[in-house]
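> Take a look and give me a structure for this.
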Amino acid sequence: MSNAVLLPILYAGLAGTLLALIVATASQKWSLRVFLLLALRLAIGWHFLFEGLHKLHSYYMGPSETNRVFSSEVYFKVSPGPLGPYMRKQFTDTDAFIATRVKAAQNIAPEAFAQLSIEKQAEACPEAVAKSLDEMLDKAGAAPARIQEAKAAYARWVYGVDGRDTKVKSISGDDARLTAPQRLAHLERLRTAVKAEEDRLAVNLGNGYGIDQKNAAGLRTDVTAAETDLVKDATAFVADLKKDLNGGKAVEHEKQESRGQIMDRVTMWFIAIVGACLMGGLLTRVACLAGTAFLVLTYLTHPPFPWFPLPPTTEGNPVFINKNVIEALALLAIATFPTGRWLGLDALLGRICPCGRNKTTTI
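Got it, this is the predicted structure:
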């Protein structure tokens with residue numbers, strides 16, 4: 001559905017919501033407190049609903065030049081809070097991937113490695129990659145000699161003999177032919193820069209907010225992006241080698257979703273449903289508690305403590321209290337009042353199932 005159709009529907013919905021808010025306030029004797037509580041509930045519901053819908057839209061549209069599929073992996077990759085280590089385990093372990101598929105197992109100079117025979121080069125191919133390429137013997141009937149050449153080609157990249165076209169931030173030129181050791185050296189430089197920035201900020205806790213903290217957060221994001229890109233490029237290299245062994249046809253393989261990817265999809269729907277319930281006044285108190293629980297989990301993943309780094313794309317300079325805390329407290333305050341009976345489907349549910357209904361509907 002195009003924006004030309006969606007925008008009129010959106011504006012009509014907003015106008016209807018505003019009219020319903022006025023009518024509900026009038027039915028409660030024009031209580032200003034009722035108006036503000038309902039307005040607060042609708043505002044938070046709007047925030048949750050459209051945040052969830054935006055994430056769902058990015059997921060179902062798929063990756064493209066103009067669309068980036070929602071993923072919380074980057075956010076959790078740099079999370080220092082108590083839930084951070086658990087959340088990181090739900091996604092791909094980039095450190096383990098790089099250690100087993102990108103780092104050279106032996107200390108051999110590129111010049112010396114280039115002089116080795118194809119057989120010796122193939123033997124130096126990382127075991128995980130060699131095993132994956134060996135599968136082409138049965139899948140595509142590739143000749144053992146060609147598989148050996150593919151292993152040697154990958155090993156030459158790992159040992160710094162041959163480079164591959166790649167796009168790397170902060171390196172001049174749109175494309176550069178980089179070897180695996182060069183990619184690892186670039187990653188190590190970024191990690192060193194992060195360590196230096198964090199050490200400098202740690203000298204004076206609470207100082208260095210603003211530009212210094214933003215720089216540190218940007219460097220951490222660059223490290224995460226560099227790790228992710230290296231994993232993606234190494235995987236693409238193996239896919240290209242398999243395609244060549246398969247006569248130019250891409251090899252279909254079953255993609256297994258990580259628990260983190262499943263969690264992301266659940267989160268999209270959860271946020272959207274909580275927002276819809278708050279907007280519609282359906283099971284309002286349950287929705288308030290569910291939204292509060294989500295915000296608390298988010299807070300524990302990236303708590304805004306002075307000794308912790310700020311998460312990516314943080315607005316302002318929060319210390320201990322951020323917008324997650326404020327919104328969670330607001331939801332708890334809303335949950336203490338029957339706002340769903342003042343404006344929402346809870347009023348209809350109350351008539352159908354009046355058990356436990358509070359006779360007092362005003363403040």
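
> And for residue 46, the neighbour number?
Per other Cβ atoms under 10 Å, the neighbour tally for residue 46 reads 16. From N, CA and C alone the C-beta is placed, and that goes for glycine too.

> Setting aside sequence neighbours, what's the nearest residue to it?
Excluding the flanking residues, the one nearest residue 46 by Cβ to Cβ, 6 or more residues apart in numbering is residue 279, at 6.5 Å.

> just checking, what's the longest helix in the chain?
Secondary structure of the chain per DSSP state H: the longest helix is helix 211-245.

> Beyond that helix, next helix or strand please.
Downstream of helix 211-245, the first helix or strand assigned by DSSP states H and E is helix 259-280.

> Tell me the helices and strands packed up against that following helix.
helix 32-61, helix 284-301 (3 or more Cβ pairs under 8 Å, 6 or more residues apart in numbering; DSSP states H and E).

> Could you give the average pLDDT over that helix?
Helix 259-280 shows a mean pLDDT of 91.

> what sits up against that helix?
Residues outside helix 259-280 that contact it (Cβ atoms under 8 Å, 6 or more residues apart in numbering) are 17, 41-42, 44-53, 55-56, 59, 70-73, 76, 87, 90-92, 282-284, 286-288, 290-291, 294, 344-345.

> If we go by neighbour counts, what in that helix is buried?
Going by neighbour count (16 or more other Cβ atoms under 10 Å), the buried part of helix 259-280 is 260-261, 263-264, 267-268, 270-280.

> And for stretch 85-93?
87-88, 90-91.

> show me what contacts residue 227?
Here residue 227 is in contact with 77, 94-95, 98, 187 (Cβ under 8 Å, 6+ apart).

> can the residues you listed go into CSV with extra columns for neighbour count, pLDDT and secondary structure?
Listed next are the contacts of residue 227 as CSV, based on neighbours: other Cβ atoms under 10 Å; pLDDT from 0 to 100; DSSP: H, G, I helix; E, B strand; the rest coil:
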residue, neighbour count, pLDDT, secondary structure
77, 20, 74, helix
94, 18, 83, helix
95, 11, 83, helix
98, 18, 92, helix
187, 19, 92, helix
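
> Please save the CA atoms from the helix or strand harbouring residue 157 in PDB.
Assessed by DSSP H and E, residue 157 sits inside helix 144-158. Provided in PDB are the C-alpha atoms of helix 144-158 (Å, rounded to 0.1, in the frame of the first residue of the first chain):
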ATOM      1  CA  PRO A 144      39.100 -33.600  -6.000                       C
ATOM      2  CA  ALA A 145      41.700 -31.500  -7.800                       C
ATOM      3  CA  ARG A 146      39.300 -28.600  -8.200                       C
ATOM      4  CA  ILE A 147      38.300 -28.800  -4.600                       C
ATOM      5  CA  GLN A 148      42.000 -28.700  -3.700                       C
ATOM      6  CA  GLU A 149      42.400 -25.600  -5.800                       C
ATOM      7  CA  ALA A 150      39.500 -24.000  -4.000                       C
ATOM      8  CA  LYS A 151      41.000 -24.700  -0.600                       C
ATOM      9  CA  ALA A 152      44.300 -23.300  -1.700                       C
ATOM     10  CA  ALA A 153      42.600 -20.100  -3.000                       C
ATOM     11  CA  TYR A 154      40.900 -19.600   0.400                       C
ATOM     12  CA  ALA A 155      44.200 -20.300   2.200                       C
ATOM     13  CA  ARG A 156      46.000 -17.700   0.100                       C
ATOM     14  CA  TRP A 157      43.500 -15.100   1.300                       C
ATOM     15  CA  VAL A 158      43.900 -16.200   4.900                       C
END
